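Enquirer: Sharing a sequence plus its predicted fold:
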Amino acid sequence: MRPKAICYLIIMLLITGMIACGADDDDSEPTETDTSTPTSSEPAEPIVTAGRNVDFAVEEQAIRELYERYVTAHGDQETEILADVWLKSESDDVFTAWTFWAGTFERNNGWKAVTAAWDGIFRLHRGVMTTGITYIAIDRKGKAAVLRATYKWDGLQGDLISALEKDESDWKIRAIDYTGGKNGKQVKDLIEPAHTFGEIPED
């Protein structure tokens with residue numbers, strides 16, 4: 001045989017051997033990895049979220065007691081008590097809205113403005129404030145609430161709407177609209193509250 005022919009024969013034998021090895025691999029038994037479900041498609045472990053058991057009767061009573069302290073502070077003109085029951089934040093969500101200044105609508109945003117406004121109002125109005133709570137709504141987490149009430153104070157009377165918020169473990173007043181919503185919806189009602197007392201009056 002010529003050297004060139006021998007070379008071709010060796011190359012052909014090598015190629016035939018490689019093809020035969022590949023066929024053997026294809027016929028081999030599938031490994032465990034081939035038959036198992038990929039890890040990414042396996043169901044993840046369920047995520048357990050710790051729920052908060054809310055005792056709505058206790059929360060409602062705490063809100064009533066908070067407003068009792070708040071009302072008492074008006075009669076005694078105790079700004080320290082007012083400071084204790086209000087949420088201390090400079091957010092625009094913290095406010096008072098009223099027409100106590102000669103019937104003119106005013107809204108004071110932020111804790112500092114609320115405090116300053118009460119100092120001024122206490123120079124104009126005195127005496128015991130009385131309120132009658134007509135509605136309380138609490139959200140499912142027990143973190144937010146809305147309260148409606150009637151009020152009488154130094155010749156002034158009307159309806160108030162108040163937003164409350166849980167500050168750690170204590171309820172605080174976040175906002176009050178003493179116009180009962182007559183100057184726009186300053187305080188929004190809760191959507192689908194988990195607990196209510198009373199009913200929202202029809203407009």
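Expert: Arrived safely, thanks for sending.

Enquirer: Low-confidence ranges, the protein, go.
Expert: Across the chain, the ranges flagged by pLDDT under 70 are 1-52, 75-78, 203.

Enquirer: got the buried residues for the longest strand seen in it?
Expert: Using DSSP state E, we find that the single longest strand of the chain is strand 156-167. By neighbour count with 16 or more other C-beta atoms under 10 Å, strand 156-167 contains the buried residues 159, 160, 161, 162, 163, 164, 165, 166. All C-beta spots, glycine's among them, are computed from the backbone N, C-alpha and C.

Enquirer: how close does the last one sit to residue 174?
Expert: In this case it means residue 166. From residue 166 over to residue 174 the distance is 10 Å, taken as C-beta to C-beta, to the nearest Å.

Enquirer: next one: the fourth one
Expert: Between residue 162 and residue 174 the distance is 8 Å, computed by C-beta to C-beta.

Enquirer: tell me the secondary structure for residue 72?
Expert: helix (DSSP: H, G, I helix; E, B strand; the rest coil).

Enquirer: In this structure it contacts residue 81, no?
Expert: Yes: the criterion here is C-beta atoms under 8 Å, and residue 72 meets it with residue 81 at 7.0 Å.

Enquirer: circling back: does the longest strand of the chain pack against any helices or strands, and if so which?
Expert: Applying 3 or more C-beta pairs under 8 Å, 6 or more residues apart in numbering; DSSP states H and E, we find strand 156-167 packed against helix 56-76, strand 144-153, strand 170-177.
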